[in-house]
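Enquirer: Here's my sequence, what's the structure:
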Amino acid sequence: MYLAIDTSAGTSVAIVDAGGVVRAERDSADTRKHAEVIGDFIHECLAEAAIAVTDLTSVVAGMGPGPFTGLRVGIVAARTFAFGASLPVLAVVTHDAIALGESGPVLIATDARRKEYYWSTYEGSDAAGLPIRAHGPALAPIAELAAQVPDFERYTLRETAAVRAPRLAALAHLMVANGREFAGQEALYLRSPDVTPSAGPKRVTA
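Expert: Here you go, the predicted model:
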């Protein structure tokens, strides 16, 4: 039984059983209120699925790509919940979850704001049904996407505004079943945060 969390776009939380049945799901398209809703979403999903925390086997965390502020909310929530429940965290690339089930070459593009896209290209799926990522994730201005994506014309563009947590759970389940390596623990921000510490103490003059 998986608890899946993704905040790379809006906020999506789901509980999915080993058979792939979605037992509960909560979604919000709001890209600014991740922190306000994520705790309630987890609580509501557990209540709707009528399960105890001890019934869960893993927490699936979407590692992006996504904007710094929003993405880290979901990752911290997944890690905190998993720590408290003594559960493993299965880190997955969000674009891989979106590409799950694609049979041909596709270009996944998600909103990075500032007139930019996060993008990844895929060469369909392998024998296990897992997406084959060719390039990315990377960041490009929307106007320059065709120029920056290798062999752009080969791919079918999939512009995706929302990410659903059940797809992350489905991806994680396939990866576990086929002994695949999960993503690293570093979030895929792909750009520096808007606010950074100053280089040193501010000089004070009289």
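Enquirer: How many neighbouring residues does Thr80 have?
Expert: 12 (other Cβ atoms under 10 Å). Every C-beta, even on glycine, is put in place using the N, C-alpha and C of the backbone.
Enquirer: tell me which element it falls in.
Expert: helix 68-85 (DSSP states H and E).
Enquirer: What strand or helix carries Glu123?
Expert: Assigned by DSSP H and E, Glu123 belongs to strand 116-125.
Enquirer: now the strands for the protein?
Expert: 2-6, 11-16, 22-28, 58-62, 89-92, 105-113, 116-125, 131-141, 156-160 (DSSP state E).
Enquirer: from the chain's centre, how far out does the fourth one sit?
Expert: Mean-position distance between strand 58-62 and its chain equals 9 Å (Cα atoms, centre = their mean, to the nearest Å).
Enquirer: If I take that strand and helix 68-85, what angle do their directions form?
Expert: 170 degrees (axes from the mean of the first three to the mean of the last three Cα atoms, to 10 degrees).
Enquirer: The nearest residue to Ala82 once chain neighbours are set aside: what's it in contact with?
Expert: Excluding the flanking residues, the one nearest Ala82 by Cβ to Cβ, 6 or more residues apart in numbering is Val59, at 4.2 Å. Residues in contact with Val59 (Cβ atoms under 8 Å, 6 or more residues apart in numbering) are 2-5, 78-79, 81-82, 85, 87-90.
Enquirer: Of those residues, just say which sits nearest to Glu153.
Expert: Lowest distance from Glu153 to those (Cβ to Cβ) belongs to Ala4, with 34.0 Å.
Enquirer: can you count the residues close to that closest one?
Expert: Counted with other Cβ under 10 Å, the neighbours of Ala4 add up to 32.
Enquirer: Would you mind putting the contacts of Val59 into CSV with distance to Glu123 and pLDDT alongside?
Expert: Conversion of the contacts of Val59 to CSV gives the following (distance: Cβ to Cβ, whole Å; pLDDT from 0 to 100):
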residue, distance to Glu123, pLDDT
Tyr2, 27, 98
Leu3, 31, 98
Ala4, 25, 98
Ile5, 28, 98
Ala78, 29, 98
Arg79, 32, 98
Phe81, 34, 98
Ala82, 32, 98
Ala85, 37, 98
Leu87, 33, 98
Pro88, 29, 98
Val89, 28, 98
Leu90, 24, 98
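Enquirer: which two from those residues end up farthest apart in space?
Expert: Using Cβ to Cβ, the contacts of Val59 reach their maximum pairwise distance at Tyr2 and Arg79, which is 15.1 Å.
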